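> Quick one: sequence plus predicted model below, questions after.
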Amino acid sequence: MSKFYITTPIYYVNARPHIGHAYTTIACDMIARRHRMLGDDTWFLTGTDEHGQKIERAAQAAGKTPQQFTDEVSAEFRALWDRMGLTYDDFIRTTSLRHKQGVQALWRRIADAGYIYKSHYTGQYCVFDELYVDAVGPGAPCPECGRPTETVKEENYFFKLYAFQEPLLKLYREQPDFIRPDTRRNEVISFVSSGLRDLSISRSTFSWGIPVPDDPKHVIYVWLDALANYITALGFGSADTTNYDKYWPADVHMIGKEIVRFHCVYWPAFLMAAGLPLPRGITAHGWLLFEENKMSKSRGNIVRAETIIDVLGTDALRYFLLREIVFGQDGSFSFDALVQRYNADLANGLGNLASRTLTMINRYFKGEVPYPSHAAAHSAQEDAIAETAKKAITDFGAYFDQFQFSRALESAWGLVSAVDKYIVENEPWALGDKDDELSRARLGTVLYTSAEALRIVTALAHPVMPDATAKIWAQLGLGDIKNFDLTELRWGQLHLGTKLGEVQGVFPRADKSAITRMQNMEERNATGAGTTAPPVQPSEARPQTESASTVAGSTPSAAAKPPAAIPDGKISIDDFTKVELRVAQVKVAERVKGADKLLRLEVDLGTETRQILAGIAEAYDPETLVGRKIVIVANLAPRKLRGLESNGMLLAASVDGGKPVLASFLEDVPIGAKLK
Ligand code: MSP
């Protein structure tokens, strides 16, 4: 069994997760899943990058302490990855103790080896990129992002990067796969060849970072801190280095192309200085563009994964990103292209192949995989399908190993099209209408061949679309796909007489309204009415003037407005908007011991999961509520009922002498959407 260690970049918590972040994480998840299917001892790491000036300022702007702010946004990343079913083995936060200790241990090793010295730095710094730049003069634009740089004049610790210029060039020469793809490798070689200068690796004018060992006036440069996550998460620098000993060096550091320099120059240099093994390879993918520009918070052109998941499902997003975009290059995202691809390849492609093949086996062979005749009813067509399938298995693996995921999927879908054509040409439905023995034998052969091809595509596509393929696998009567050993995948392994599971469509066709729905959801989100605006926590202090003007019984401030114009019994719109109503989805529902009327619910608000206690146990069985979308008051102060904390209240009509009927919607609504 070989080991396989793959990492994503750790994401900055100044922005909420969007499909650009999801892209990298999905790619790693898919690779990790394939390696697990191949029997490798796989470790998949992701996490959040939480220190540095950029985060400190973002927290300030949000009126929160950096720790409070990073706790919240980091939890959002994790919650989204969980909602998407991403199979990371560990989630590292750079504000965790284990990381801090590991970073300081790495610093010490580099310092002990003589590669750190103290000096003065005067120059420009780009806070957005957390990068020292060569630009000259106050406010000079950053050569990477064009934003104005800030002048830094500090006593700093420096890393002797210059000493690694030659060793790095030797590394790139001797290990051509160290940086993929070649375009990035060439860029790095030219950057390093043009000359490296020593690098400032500490800051002393702010404090949101990891203190330099023995000199806590300084915090460690955020990129040294962040890069170290790849080893600190494995226990480097701690008492338990089992995972470090087992998994390091990483097999793949997956990154976006904008952070190549940090990973391909600084990181191997830090490791060389510390005398630690280097990662085997760094793979940079391109950018996801939206309306021609890199999707990013600062450009305000992001699309959230939640929108796509709610409308088309996670598998659709995964397939689209990996099939539509040539890995390594930039690629555009659009809702039109997403739905088009979904319908063509999934609804009409794999989904249709599965449903028609399985339905016909049900209809004509009582749901048991039929016998493929090798004599009378066999034609060259079956040989051709078997050949296409064998080639798909080989090509898929080869392309996959070269990070050419789009081509890998193309080769598997080549088999889907070939079988589609084969089914159309052989008209099994017409054969099914005939009674003669030859037609029956031929029908068995055609359906066996189709089902076997379906099994092969399903196994290959499993790492890309885990949910749908697991369903098809079970419908094929093959049980849990998790138990399948991908190294064993060959043509002809589908057993005769295999009893199919219950057949259900996996990719319902999407019509134009799916596009509009997604666009509306994103628009609503952009205008603040959508799903990612974090629900206001009851404990969050509002500015005094605002609360004083609205909260009954509080002392009126100078800014308070007289409530005179509002007739008796009515409330002002301001009063109403104080109530935060949101759509939530019930994830868990159970009775509360000793309380006949009470249910304990866990509801998903898109950005967090909450516990709510509701007096609806006499009207609703808990099982019937799971998955249901309800409306809750999201900013109600928490209260305790039967010793359990309730964080919000659900809305229900009160009928028939008090029986509750839950508020719900006729249209599908996204989780977290605000009612107003
Ligand atoms: N915190 C650093 C990385 C430290 S790793 C030791 C950072 N964080 S980030 O939040 O800006 O995330 C960058 C990564 O998110 C990119 O490298 C890429 O993997 C992913 N993406 C963010 N926006 C993206 C696109 N628009 N398109 C593709 N990937 C994108 O840099």
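Received it, and whenever you're ready, just let me know what you need.
> For the rest of this, base every contact and every neighbour count on C-alpha atoms.
Fine.
> I'd like to know how far the closest residue to the ligand within the stretch 451-600 of the chain sits from residue 310.
The shortest separation between the stretch 451-600 of the chain and the ligand is 16.1 Å, found at residue 522 (distances taken as Cα to the nearest ligand atom). From residue 522 over to residue 310 the distance is 12 Å, taken as Cα to Cα, to the nearest Å.
> quick one: which of the two has more around it?
Here residue 522 and residue 310 are set side by side on neighbour count (other Cα atoms under 10 Å), and the busier one is residue 522, at 23 against 16.
> For residue 43, list each beta-bridge partner.
Residue 43 has the following beta-bridge partners by DSSP bridges: residue 5.
> For the closest residue to the ligand within the stretch 351-500 of the chain, which non-adjacent residue is spatially closest?
Scanning the stretch 351-500 of the chain for the residue nearest the ligand gives residue 403, at 14.8 Å (criterion: Cα to the nearest ligand atom). If the residues on either side of it in the chain are set aside, residue 403 comes closest to residue 327, at 6.9 Å by Cα to Cα, 6 or more residues apart in numbering.
> Residue 134 touches residue 123, doesn't it?
Yes. Counting by Cα atoms under 8 Å, a contact exists between residue 134 and residue 123, whose distance comes to 7.5 Å.
> can you list the residues of the stretch 151-300 of the chain near the ligand?
226-227, 255-256, 259, 286-289, 294-296 (Cα under 6 Å from any ligand atom).
> before we move on, back to that, so residue 134 and residue 123 - more neighbours on which side?
Comparing residue 134 with residue 123 by neighbour count (other Cα under 10 Å), the higher total belongs to residue 123, at 18 against 12.
> Counting by contacts, list what the strand or helix carrying that one packs against.
Per DSSP states H and E: residue 123 is located in strand 116-126. On a contact count with 3 or more Cα pairs under 8 Å, 6 or more residues apart in numbering; DSSP states H and E, strand 116-126 meets strand 131-133, strand 150-159.
> quick one: buried residues of stretch 320-339?
For stretch 320-339, burial by neighbour count (16 or more other Cα atoms under 10 Å) applies to 320-328, 330-333, 335, 338-339.
> What is the most widely separated pair among those residues?
328 and 339 (22.8 Å; Cα to Cα).
> How many neighbouring residues does the closest residue to residue 307 other than its chain neighbours have?
By the measure of Cα to Cα, 6+ apart, the closest residue to residue 307 outside its immediate chain neighbours is residue 518, 5.9 Å from it. Residue 518 is surrounded by 22 other residues when neighbours are defined as other Cα under 10 Å.
> State whether residue 518 is indeed within a strand.
No. Judged by DSSP: H, G, I helix; E, B strand; the rest coil, residue 518 forms no part of a strand; its state is helix.
> residue ranges with poor pLDDT in the stretch 451-600 of the chain?
Across the stretch 451-600 of the chain, the stretches falling below the confidence threshold (pLDDT under 70) are 528-569, 574.
> quick one, what contacts the residue nearest to residue 403?
285-286, 403-406 (Cα atoms under 8 Å, 6 or more residues apart in numbering).
> on that earlier part again, among the buried residues of stretch 320-339, which lie within strands?
Cross-referencing these with the strands (criterion: DSSP state E) gives 331-333 as the overlap.
> How about the backbone phi and psi for the residue nearest to residue 454 when sequence neighbours are not counted?
Leaving aside its chain neighbours, residue 454 sits nearest to residue 354 (6.6 Å; criterion: Cα to Cα, 6+ apart). According to degrees, to the nearest 10, the main-chain angles of residue 354 amount to phi -60, psi -50.
> Number of residues surrounding residue 354?
Taking other Cα under 10 Å as the neighbour definition, residue 354 ends up with a count of 28.
> Residue 656 now?
8.
> Mind pulling up the pLDDT for it?
Residue 656 carries a pLDDT value of 72.
> so residue 136 makes contact with residue 123?
Yes. Look at residue 136 against residue 123 with Cα under 8 Å: they come within range, at 7.3 Å.
> quick one: low-confidence parts of the protein?
Where the chain drops into low confidence, which here means pLDDT under 70, it does so at 528-569, 574, 666-667.
> for it, what's the longest helix?
Taking residue count as the measure and DSSP state H as the definition, the longest helix of the chain comes out as helix 437-461.
> related to what we said a few turns ago, what residues sit buried inside the strand holding residue 123?
Residues of strand 116-126 classed as buried: 116, 121, 123-126 (neighbour count, 16+ other Cα under 10 Å).
> Now the two most distant members of those residues.
Checking the buried residues of strand 116-126 against each other with Cα to Cα, the farthest-apart pair comes out as 116 and 126, at 22.5 Å.
> any idea how far residue 367 is from residue 107?
Summarising the geometry, the distance separating residue 107 from residue 367, computed by Cα to Cα, is 64 Å.
> What are the boundaries of the strands in the stretch 151-300 of the chain?
Listed in chain order, the strands found in the stretch 151-300 of the chain under DSSP state E, counting those that start in this stretch are 179-180, 199-200, 202-203, 211-212, 215-220, 252-256, 282-285, 288-290, 293-294.
> So which residues make contact with the first one?
If I follow you right, that is strand 179-180. 172, 185, 264, 281-284.
> Among those, find me the one that's closest to the ligand.
residue 284 (7.9 Å).
> what are the bridge partners for the closest one, then?
Partner residues in beta bridges with residue 284: residue 255, with DSSP bridges as the criterion.
> ok, now which ones touch it?
By Cα under 8 Å, 6+ apart, the contact list for residue 284 reads 179-181, 184, 254-257, 260, 328.
> Export these as TSV, with columns for distance to residue 268.
Compiled in TSV, those are given as follows (distance: Cα to Cα, whole Å):
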residue	distance to residue 268
179	11
180	15
181	17
184	16
254	15
255	15
256	17
257	17
260	12
328	21
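> quick one: residue 386 and residue 490 touch, right?
No. In this structure, residue 386 is not within contact of residue 490 by Cα under 8 Å, at 9.6 Å.
> how far out from the middle of the chain is the helix or strand in which residue 308 is found?
Using DSSP H and E, residue 308 sits in helix 305-312. Here the centre of helix 305-312 is set off from its chain's centre by 12 Å, with Cα atoms, centre = their mean, to the nearest Å.
> helices or strands up against it?
Applying 3+ Cα pairs under 8 Å, 6+ apart, one finds that helix 305-312 makes contact with helix 314-324, helix 512-526.
> Just name the most buried of those helices.
Compared across the helices and strands packed on helix 305-312, helix 314-324 shows the largest average neighbour count, a mean of 23 (mean count of other Cα atoms under 10 Å).
> close to the ligand, is that helix?
No. Looking at helix 314-324 against the ligand by Cα under 6 Å from any ligand atom, there are no contacts, and the closest approach is 10.2 Å.
> what packs against that helix?
Identification of packing neighbours for helix 314-324 by 3+ Cα pairs under 8 Å, 6+ apart yields helix 19-37, helix 305-312, helix 335-341, helix 405-426, helix 466-475.
> I'd like those helices laid out as TSV, including distance to residue 650.
Supplementary listing: the helices and strands packed on helix 314-324 in TSV, determined by distance: least, Cα to Cα, whole Å:
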stretch	distance to residue 650
helix 19-37	31
helix 305-312	21
helix 335-341	33
helix 405-426	44
helix 466-475	31
